[in-house]
Structures are given as C-alpha cells and as structure tokens.
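**Q** Next comes the sequence, and after it the predicted model I'd like to discuss.
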Amino acid sequence: MQSPCRIRYNADMSETFGGKNAIEDSEESIQERIQTLPPPLRPRWLTELENAESNQLAPLSRRLNLFIRERKRLLSHNAPPLLQGIHSIERREDKVNETLARIGEASERKDLFVGKGKAARVFRDPQDPNVCYKSIVNFEEYGICNAIGVEAQFLEDLQDLSVHGMRTPRLNAVIDLPTVKVISMEYLKAESINEIIIRNGAFPARFDVGRFETAFRQYVAAMHNRNIYHRDLHGGNILIADDGTPYIIDFGKSTFSITPESAYEAHDTFGRPMKPYPKDDDRLEELLRRTKLYMLGHPVEPLQ
Ligand SMILES: Nc1ncnc2c1ncn2[C@@H]1O[C@H](COP(=O)(O)OP(=O)(O)OP(=O)(O)O)[C@@H](O)[C@H]1O
Ligand SMILES: [Mg+2]
C-alpha cells in the first residue's frame with residue numbers, strides 16, 4: 001500500500017525552505033512583490049513599507065502574501081465574491097482592483113466616515129456620492145452574525161419591497177474574502193433614530209411620526225410574509241433620511257424561517273438552546289413608543 005503523502009508543497013515551494021521566509025521578509029523582496037500589484041493598489045503598501053521598523057517586516061510580508069493570494073482567488077473566480085445578477089462591480093480584473101483600492105482609500109479617510117456598529121464601519125466611496133461600503137472590522141462580533149453574503153442576500157430579497165416609501169438601501173455588490181468583507185450599497189443621506197436621540201437633535205421637518213408608525217408596522221409584517229425576520233430592530237438600525245423617509249438596515253442577525261415560532265430561536269455551536277432573539281414586533285413597538293415620547297420632549301434612552 002502506498003504511504004499517504006503527508007507533505008504538501010505550495011506551487012512555488014515557498015513554505016518548504018526555512019531560509020526562504022527570512023529572505024522573503026526583506027525590504028527588497030517586499031518591494032518586488034508590491035510591484036507585481038497593479039498601480040492603484042501599490043501606494044498603501046509602499047507607505048506601510050516605508051514606515052515599517054525592521055521587526056514589522058515579517059508581519060507586513062505575511063499580510064502582503066495573504067493579500068496577493070486573496071486577490072488571485074478573487075480573480076480566478078474560485079471564491080464567490082459577487083452575488084449573481086449584480087453588475088455594478090463586474091468580475092473584471094481592472095474593476096475589482098479599482099474597487100479594492102477605493103475601499104482601501106475610503107476606510108482611511110475621516111471625511112468619508114459614515115457610522116459604525118458592533119461589527120462594521122461604514123464609509124462613503126471617494127468618487128461616487130451615492131455609494132457607501134459596510135466593512136467588517138470586528139471579526140469576533142462577526143462570528144455571531146450572518147456571513148456578509150447572507151446579509152447581502154436579505155437586502156437583495158427585499159429590493160422590491162417599499163411600504164409608504166420605507167425600504168432598504170439598494171445593494172451594489174458584496175466582496176467576501178478572508179480579510180475583506182464588504183457590502184457595497186446605496187448611501188443614504190440619513191441619521192439613525194439613536195443618533196438623533198443621542199445628539200438630542202430634532203427629527204427632519206418632513207418626518208411624520210404617524211406615517212412612520214404605519215409604514216414600520218406594515219413593512220415588518222410584509223417582511224415576515226416573505227419569511228424574513230430582522231431580529232435586530234434597535235434604534236441604530238432604522239435610519240431617517242433628510243426628507244423624512246424611514247429606512248431599515250443591517251440584516252446581520254436576520255433569518256429566513258418558515259414558521260414564526262422558530263424564527264427567534266437561538267442555539268450555540270453544540271445545538272443547545274440559548275436565549276432567544278427579541279421579537280421584531282416587540283422591538284418595533286418599543287422603538288415607536290420611545291420615538292413618540294422623545295418627539296413630545298420626554299427624555300428617553302436610545303433603544304440598543
Ligand atoms: N446605506 C447606508 N447609508 C447611510 N448610513 C448607513 C448605511 N448603512 C449603515 N449606515 C450607518 O452605519 C451604521 C453602522 O451600520 P450597521 O448597523 O449596518 O453596522 P453593524 O456593525 O452591523 O451594527 P450593529 O451594532 O447593529 O450590529 C448605522 O447605524 C448607520 O448610521
Ligand atoms: Mg446596526
């Protein structure tokens with residue numbers, strides 16, 4: 001019987017020789033690898049290399065290798081980076097490169113920062129005023145959320161649902177790589193209910209709380225009719241646009257369930273039952289109660 005092959009080599013055998021890693025971590029070798037990237041992707045790495053102390057070269061080299069590998073995977077179509085039917089970022093090499101470069105730039109610019117939650121930061125595209133990116137930054141929190149492609153799928157499933165103007169942001173694309181997890185979507189000129197309450201601000205003049213009440217209840221009922229349960233209806237996930245239109249965002253905890261009874265159940269990795277998710281209907285009523293009280297001038301805590 002043939003003995004099982006226990007040693008596997010990478011195609012370039014880079015893991016095979018202990019000495020080779022040390023060479024790979026040198027400035028010169030990192031430079032060379034950066035030059036293999038297309039021009040828009042180089043500056044960020046070159047700046048990092050310029051600022052790196054010698055003991056930071058090895059981790060920088062490893063991250064660069066990972067990035068190069070991930071990019072190759074993205075371009076070789078082995079990964080499922082984009083949802084079907086979404087064309088704004090095509091799987092063309094120049095498009096993918098350009099998008100990664102834009103996301104890299106936007107994530108570092110303070111003026112493009114939009115907001116953050118427990119798992120993600122949201123920032124605007126440097127060029128297109130209608131586009132923003134939700135980028136996962138807290139991978140521990142992400143572990144208890146939907147995979148980014150699943151979250152995006154809920155947005156896609158709800159694209160055609162609008163109740164008295166209330167809807168979700170339009171989805172452009174999703175990038176799902178080991179270290180880059182991004183939803184590209186419509187940027188809303190809006191503020192969350194919690195942001196308004198925390199800064200003790202006023203709701204936009206054209207916001208009609210009666211209309212919002214009807215729209216919100218009907219929207220959630222329509223979503224449940226499609227077997228989608230949001231499961232995270234707090235005041236940070238309802239945005240109110242400057243023109244008064246409410247939007248529902250963040251399907252990171254949502255689920256698809258045939259029965260309403262099982263929709264809120266939660267289990268740990270061993271299948272043991274855990275504290276269930278809060279019910280959408282309870283949360284929406286509580287959010288409406290606090291919004292109305294706040295608008296009447298009563299102090300309220302934001303619903304987290
Ligand atoms: N499409 C958008 N347009 C404008 N602002 C947005 C958009 N999406 C998100 N935001 C802002 O970014 C914040 C964070 O986004 P999101 O709620 O999706 O992140 P999260 O980390 O999943 O949040 P949570 O803490 O609820 O889990 C939102 O509260 C909102 O202020
Ligand atoms: Mg949120």
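**A** Perfect, thanks for sending it. Ligands and ions are numbered 1, 2, ... in the order given.

**Q** What parts of the stretch 201-304 of the chain come near ligand 1?
**A** Residues of the stretch 201-304 of the chain lying near ligand 1 by CB under 6 Å from any ligand atom: 232, 236-237, 249-250, 252. Backbone N, C-alpha and C define where each C-beta goes, glycine included.

**Q** cutoff 8 Å now
**A** Contact residues (CB under 8 Å from any ligand atom) of the stretch 201-304 of the chain with ligand 1: 232, 234, 236-237, 239, 247, 249-250, 252-253.

**Q** Could you point out the helix or strand that follows the lowest-mean-pLDDT helix or strand in the chain?
**A** Among the helical and strand segments of the chain, the one scoring lowest on mean pLDDT, DSSP states H and E is helix 18-24, with a mean of 43. Per DSSP states H and E, the first helix or strand lying C-terminal to helix 18-24 is helix 27-35.

**Q** State the mean pLDDT of that next one.
**A** Averaging pLDDT along helix 27-35 yields 92.

**Q** and that helix, which residues are buried?
**A** Neighbour counts over helix 27-35 (16 or more other CB atoms under 10 Å) mark 29-30, 33-34 as buried.

**Q** Which residues does that helix contact?
**A** Helix 27-35 is contacted by residues 23-24, 42, 45-46, 49, 57, 60-61, 64-65, 68 when judged by CB atoms under 8 Å, 6 or more residues apart in numbering.

**Q** same check, this time on stretch 187-198
**A** Contact partners of stretch 187-198, identified using CB under 8 Å, 6+ apart, comprise 114-115, 124-125, 129-132, 169, 201-203, 234-242, 245, 247, 249, 287, 290-291, 294, 300, 302-304.

**Q** buried subset of those?
**A** Buried by 16+ other CB under 10 Å: 115, 124-125, 131-132, 169, 203, 234-241, 245, 247, 249, 287, 290-291, 294, 302-303, out of the contacts of stretch 187-198.

**Q** so of these, which ones are in strands?
**A** Of the buried ones among the contacts of stretch 187-198, the ones assigned to strands by DSSP state E are 115, 124, 131-132, 238-241, 247.

**Q** quick one: which of those is nearest Gly271?
**A** Using CB to CB, Ile238 comes nearest to Gly271 of these, at 32.6 Å.

**Q** Now that closest one: closest residue in space that isn't a chain neighbour?
**A** When the adjacent residues along the chain are set aside, Ile238 lies closest to Ile193, with 5.2 Å between them (CB to CB, 6 or more residues apart in numbering).

**Q** got the phi/psi numbers for the residue in the stretch 51-200 of the chain that ligand 2 sits nearest to?
**A** Taking CB to the ion, ligand 2 has its nearest neighbour within the stretch 51-200 of the chain at Gly117, 3.6 Å off. Backbone torsions for Gly117, taken as degrees, to the nearest 10, come to phi -120, psi -160.
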